[in-house]
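Asker: What shape does this take:
(one chain, ligands or ions: 1)
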Amino acid sequence: MIAATPIHVLSVVSEIFPFVKTGGLADVAGALPAALAPENVRTVTLIPGYPDVMAALRDVSPILAVDDLFGGPARLLHGRARQLELIVIDAPHLYDRPGNPYMAADGRDWPDNAIRFGALGLMAARLGAGEVPAFRPDVLHAHDWQAGLSAAYLRYRFERRPRTVMTVHNLAFQGLFPASLLSALALPPPAFSIDGVEFHGEIGFLKAGLALSDWITTVSPTYAAEIRTREFGMGLDGLLRGRTERLSGILNGIDDTVWNPGRDPLIAATFDARRIAPRIANKAELKKRMGLATDDALLFGVVSRLTWQKGLDMLVEVLPTLLATGSQLVVLGSGERNLQQAFLDAARIHPGRVACVIGYDEALAHLIQAGADALLMPSRFEPCGLSQMCALRYGTVPVVSHVGGLVDTVIDCNDMAIAEGVGTGIQFRPTIGMLEAAVLRATALWRNGKVWRRVQRNAMRADVSWRRSARRYATLYRALMAERRR
Ligand SMILES: Nc1ncnc2c1ncn2[C@@H]1O[C@H](COP(=O)(O)OP(=O)(O)O[C@H]2O[C@H](CO)[C@@H](O)[C@H](O)[C@H]2O)[C@@H](O)[C@H]1O
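Answerer: Numbers count the residues shown, from 1 in each chain. Predicted coordinates for the structure are as follows:
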């Protein structure tokens, strides 16, 4: 049933698939608008005008001109890019730079990131405050630290306020900048308080969003609980405990039109839960492309950013055990230099058994999901995780640590789950010893072909779509609007 009144949401975000992506944030920002449409929610996404976004924009109309946005003229452009409705901040002095949205080619953050993303928050607030009559959002939905200041500008500079939601995709990135930038960011002195943007003597973009938004969400129920503990709270647990009543976890989904093994143009052979056999052709193609030996071995895959969060340094330690069982490993990822090197070295030392591609490759990611037998994700923390959901959909049995959204999306194949026929993967506590044990469990399970196929089928039948979660966001938006009317 479609709720009667349409809701207008301004989604504020620093990256969006397929135009600019450094991580899962872009996938969520790109998929959620279409998932919300059937809930009668119209989502317009506010995004910086990076070159790739500007190039993709169609049906463009200027909706606001700004003489001076932190050092140069700017315009807000309304337009479309593929299925997405966008408002783009055309401010060449801030965003017309090549490559990564956050850092220069030398890997260092752009020195003016505070004002680049301050500008994102400020323009979001101006839209939220109703300065563009053609689009006055009911809800301003900010994602991660880059959008965190929107709630602060609304609080300290504007009268009209939409309802505000702050979603945390990763608490590790907090957007901390020197206090001396307060006036450069056009925030008044009272904003620099413990209830405002101040965080341990600095300006905290994420902290501001968490303190000043009407509601906080994070991307899984388990992570919503974890971030209120000292272990996972990254220094913000106290604030989050204080806002427990205004915090909830809504699980991510994946775009099941992009990730559909039944019609995926990027894989060698399509398949589905009733017809798993063609996976073999994908495994053969993957091995061929990666130069892996053709013997009948369990092939583990990794598709990931290579960072401490993802725990892949532990996988390097466990590699001798993995190889001793006769298994193979294929890694696709990029990130920390020492980790990249460790996997490149492993591939060199173990030709035919370990293969590694450093870089970002959407097509290869699909082939790994379709051709590997199991996907490894030994994350130390994981707000939600998308790779394991793609793996479930493609019957690549996820072998994941017992944290965050991995807890909420994978059912561990313990004896009970196997007896009941409900397991979809393997979980372990993120330590080297437990990862090693999990690799051995996966091997034993794989050797029992009948049980393995059952697990694959269960995995492929798990609901990893956005449908349920989109309904939860829509319900949240409506509840927040109802609060205002009371
Ligand atoms: N080299 C490569 N080539 C091709 N594809 C690659 C790739 N490296 C990664 N990817 C893909 O990018 C996506 C990454 O999303 P994740 O959710 O797994 O992690 P991320 O930590 O970036 O996101 C953060 O935000 C998301 C969204 O909320 C949370 O799910 C997550 O827990 C949180 O850490 C996955 O779909 C993955 O397959």
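Asker: what sits against the residue of the stretch 51-200 of the chain found nearest the ligand?
Answerer: Using C-beta to the nearest ligand atom, the closest approach of the stretch 51-200 of the chain to the ligand is made by residue 169 at 3.7 Å. All C-beta spots, glycine's among them, are computed from the backbone N, C-alpha and C. Applying C-beta atoms under 8 Å, 6 or more residues apart in numbering to residue 169 gives the contacts 23, 24, 25, 28, 143, 144, 218, 219, 383, 384.
Asker: same deal with residue 163?
Answerer: Neighbours of residue 163 in contact, by C-beta under 8 Å, 6+ apart: 138, 139, 140, 214, 215, 477, 480, 481, 483, 484.
Asker: do that again at 10 Å, thanks
Answerer: 7, 9, 128, 137-141, 213-215, 476-484 (C-beta atoms under 10 Å, 6 or more residues apart in numbering).
Asker: Okay, and the beta partners of it?
Answerer: Here residue 163 sits in beta bridges with residue 139, as judged by DSSP bridges.
Asker: Could I get the pLDDT score of it?
Answerer: At residue 163, the model reports a pLDDT of 97.
Asker: near the ligand, which residues of the stretch 1-150 of the chain?
Answerer: Applying C-beta under 6 Å from any ligand atom, one finds that the stretch 1-150 of the chain approaches the ligand through 23, 24, 25, 27, 28.
Asker: how about a cut-off of 5 Å?
Answerer: Residues of the stretch 1-150 of the chain lying near the ligand by C-beta under 5 Å from any ligand atom: 23, 24, 25, 28.
Asker: Which pLDDT value goes with residue 221?
Answerer: Note for residue 221: predicted pLDDT of 98.
Asker: and what of residue 308?
Answerer: Note for residue 308: predicted pLDDT of 95.
Asker: show me the contacts for it.
Answerer: Residues in contact with residue 308 (C-beta under 10 Å, 6+ apart) are 172, 335, 336, 339, 379, 380, 381.
Asker: Ok, residue 467 next?
Answerer: Neighbour list for residue 467: 35, 38, 39, 253, 256 [criterion: C-beta under 10 Å, 6+ apart].
Asker: Tabulate these (JSON lines), appending neighbour count.
Answerer: Listed next are the contacts of residue 467 as JSON lines, based on neighbours: other C-beta atoms under 10 Å:
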{"residue": "35", "neighbour count": "23"}
{"residue": "38", "neighbour count": "13"}
{"residue": "39", "neighbour count": "19"}
{"residue": "253", "neighbour count": "24"}
{"residue": "256", "neighbour count": "18"}
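Asker: So of those, which two are at opposite extremes in space?
Answerer: 39 and 256 (16.5 Å; C-beta to C-beta).
Asker: low-confidence ranges in this structure?
Answerer: For the chain, the stretches with pLDDT under 70 are 1-4, 486.
Asker: redo that, cut-off 50
Answerer: Residue ranges of the chain with pLDDT under 50: none are present.
Asker: most distant residue from the middle of it?
Answerer: residue 295 (35.3 Å; C-alpha atoms, centre = their mean).
Asker: what helix or strand is it on?
Answerer: For residue 295, there is no helix or strand it lies in under DSSP states H and E.
Asker: How about the backbone phi and psi for the residue lying closest to it once chain neighbours are set aside?
Answerer: Among residues not flanking residue 295 along the chain, residue 326 sits closest, at 7.9 Å (C-beta to C-beta, 6 or more residues apart in numbering). Backbone geometry at residue 326, expressed as degrees, to the nearest 10, gives phi 90, psi 0.
Asker: what does residue 358 give?
Answerer: When read as degrees, to the nearest 10, the backbone of residue 358 gives phi -90, psi 130.
Asker: same question, residue 333
Answerer: phi 180, psi 170.
Asker: how far away is it from the ligand?
Answerer: From residue 333 over to the ligand the distance is 5 Å, taken as C-beta to the nearest ligand atom, to the nearest Å.
Asker: Surely that residue is in contact with residue 342?
Answerer: No - taking C-beta atoms under 10 Å as the definition, residue 333 is not a contact partner of residue 342, at 11.3 Å.
Asker: what do these two both touch?
Answerer: Joint contacts of residue 333 and residue 342 (C-beta under 10 Å, 6+ apart) are 306, 312, 356.
Asker: Okay, and which of the residues you listed map to helices?
Answerer: residue 312 (DSSP state H).
Asker: Name the nearest of the shared contacts of residue 333 and residue 342 relative to the ligand.
Answerer: residue 306 (8.3 Å).
Asker: Now that closest one: closest residue in space, sequence neighbours ignored.
Answerer: Nearest residue to residue 306, sequence neighbours excluded (C-beta to C-beta, 6+ apart): residue 335, at 3.3 Å.
Asker: Show me what counts as buried in the longest helix seen in the chain.
Answerer: Ranked by residue count, the top helix of the chain under DSSP H comes out as helix 467-485. With burial defined by 16 or more other C-beta atoms under 10 Å, the residues of helix 467-485 counted as buried are 469, 470, 471, 473, 474, 476, 477, 478, 480.
Asker: Closest to residue 403 out of those residues?
Answerer: Checking the buried residues of helix 467-485 against residue 403 by C-beta to C-beta gives residue 469 as the nearest, at 19.3 Å.
Asker: Which two of the contacts of residue 169 have the greatest separation?
Answerer: Pairwise distances across those peak at 15.1 Å for 23 and 218 (criterion: C-beta to C-beta).
Asker: quick one, which of those two is more surrounded?
Answerer: Neighbour count, other C-beta atoms under 10 Å: between residue 23 and residue 218, residue 218 has more, with 27 against 16.
Asker: Which residues are in contact with the more buried one?
Answerer: By C-beta under 10 Å, 6+ apart, the contact list for residue 218 reads 166-171, 224-227, 240, 247-251, 383-384, 404-405.
Asker: With adjacent residues omitted, what lies nearest to it?
Answerer: Nearest to residue 218 is residue 168, by C-beta to C-beta, 6+ apart, at 4.4 Å.
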